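> What would the 3D arrangement of this be:
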Amino acid sequence: MNLFHQYVNVDGTLNDTLVRDREILYTGTNGRHVERFYVSSSESYIFKPLTNDDQKGHERWVYEHVLPALPPIYPQLLAWSDADADDGGEWMVFEDLGPLHHVHADEILLQAVGLVARWHALPLDYFAGMPLRGPKPLIQEMVSELHIRKPDILELCSSLGFSKQHMQRIYVQLEHLSFSHQLVLSHGDLHPGNYALSGEQLKVLDWEHVHLNTPLWDVYHLIDMSHPLFPRHMTSELRIRMLDTYLEQLELLGIQVDRTAFIQEYGMFAVVFSLWMLLLITSDLQRIKKELHRNSNKWSKEQLESQLDETLACLNQCTTMMDWEQAQPCK
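Numbering: from 1, shown residues only. Next up is the predicted model:
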């Protein structure tokens, strides 16, 4: 039995008779907590039970079959539950990276997008058996939803200051939209909370949603995905620098991509995803308004409003990328 098994009960909970202290880091979609636990005053680890019931066994599989092909940019997996653990008992223990600093300075983002290119360049034959989708709808499904909910989108965007002409232009583009069918290894959930500095090293966290997807999935999440807890300020100039850095890293790895086509496709991908996100965020805000006195929401009104503003800024900036001559390489 692994040394760490003594710190976990049979039911997949921490053993408080041996654990000296513990602190909740975050709560998964199924209500279970990821925690830092101490076995002495100076020795701590990260306990991660199954936090998404649809991802049973997935992160351990990723650690075994995928991450060894990458540099050590992820926390080391030290122990895990027995293979026959039921849905309630699956768990993993990771090294504790210590204080994590979610820094979104330009140089960190440029470093991160270079890492994305590294795992996108891995040959897919290596990952036989990889699931084809992650926790969110595919981008093609988002496009379909935007068509189905066009009246809702038009009403929402009008209330947010978009002109009718502006939205008509977007929907004309959507009518003729066709995304590439290229698939790469995708982290799947590379939002601003899932990369951080540990000391001076950039680490990428939470690999349980790894799947095959378009390259733009990770690139959009890294550059433009908003999150209530991790606000960022993205500019048009930095966005183009990051896209160019990604393409330059791919070229160093022997992969040539047409820049003009890639920039154009990214712009429309970001517009589609941002519109879809606006629907989600405004729905959350409406629920908070209805449940004002219940205090049952994961995010506060202020956090969601900040996320809404950030998503609107992305939508505005990426809509202007439809004028493709503006997307020139940064000198």
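> who does the host helix or strand of L278 touch, helix- and strand-wise?
In the assignment (DSSP states H and E), L278 maps to helix 259-290. Using 3 or more Cβ pairs under 8 Å, 6 or more residues apart in numbering; DSSP states H and E as the contact test, the elements touching helix 259-290 are helix 139-148, helix 150-159, helix 164-175, helix 215-224, helix 236-252, helix 301-320. Where C-beta positions appear, they are placed from N, C-alpha and C, glycine not excepted.
> Run through who's touching the longest one.
When you say that, I think you mean helix 301-320. Residues from elsewhere that reach helix 301-320 (Cβ atoms under 8 Å, 6 or more residues apart in numbering): 160, 166, 169-170, 224, 226-229, 231-236, 239, 266-267, 270-271, 274-275, 277-278, 281-282, 284-285, 288, 299, 326.
> And for the first one?
Defining contact as Cβ under 8 Å, 6+ apart, one finds that helix 139-148 is touched by 137, 153, 174, 177, 179, 214, 216-217, 269, 272-273, 275-276, 279.
> pull the CA atoms of it into PDB?
Taking C-alpha atoms only, helix 139-148 is exported to PDB below (Å, rounded to 0.1, in the frame of the first residue of the first chain):
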ATOM      1  CA  ILE A 139     -17.800  25.100 -31.000                       C
ATOM      2  CA  GLN A 140     -20.100  23.800 -33.800                       C
ATOM      3  CA  GLU A 141     -22.800  23.200 -31.200                       C
ATOM      4  CA  MET A 142     -22.300  26.700 -29.900                       C
ATOM      5  CA  VAL A 143     -22.800  28.100 -33.400                       C
ATOM      6  CA  SER A 144     -26.100  26.100 -33.700                       C
ATOM      7  CA  GLU A 145     -27.200  27.400 -30.300                       C
ATOM      8  CA  LEU A 146     -26.500  31.000 -31.400                       C
ATOM      9  CA  HIS A 147     -28.700  30.400 -34.500                       C
ATOM     10  CA  ILE A 148     -31.500  28.800 -32.400                       C
END
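> so how far is that helix from its chain's centroid?
A distance of 20 Å separates the centroid of the chain from that of helix 139-148, by Cα atoms, centre = their mean, to the nearest Å.
> How about the last one?
Centroid separation between helix 301-320 and its chain, computed with Cα atoms, centre = their mean, is 16 Å.
> And it, what's buried?
303-304, 306-308, 310-319 (16 or more other Cβ atoms under 10 Å).
> what angle sits between that helix and helix 259-290?
With axes from the mean of the first three to the mean of the last three Cα atoms, to 10 degrees as the basis, helix 301-320 and helix 259-290 are set at 150 degrees to each other.
> Phi, psi for I46 please.
Phi and psi for I46, reported as degrees, to the nearest 10, are phi -110, psi 120.
> helix/strand/coil for the residue lying closest to it once chain neighbours are set aside?
Distances taken as Cβ to Cβ, 6 or more residues apart in numbering put F94 closest to I46, at 4.3 Å, once the chain neighbours are dropped. In the three-state summary, F94 is assigned as strand, counting by DSSP: H, G, I helix; E, B strand; the rest coil.
> S159: neighbouring residues, count only.
Neighbour count for S159, taken as other Cβ atoms under 10 Å: 9.
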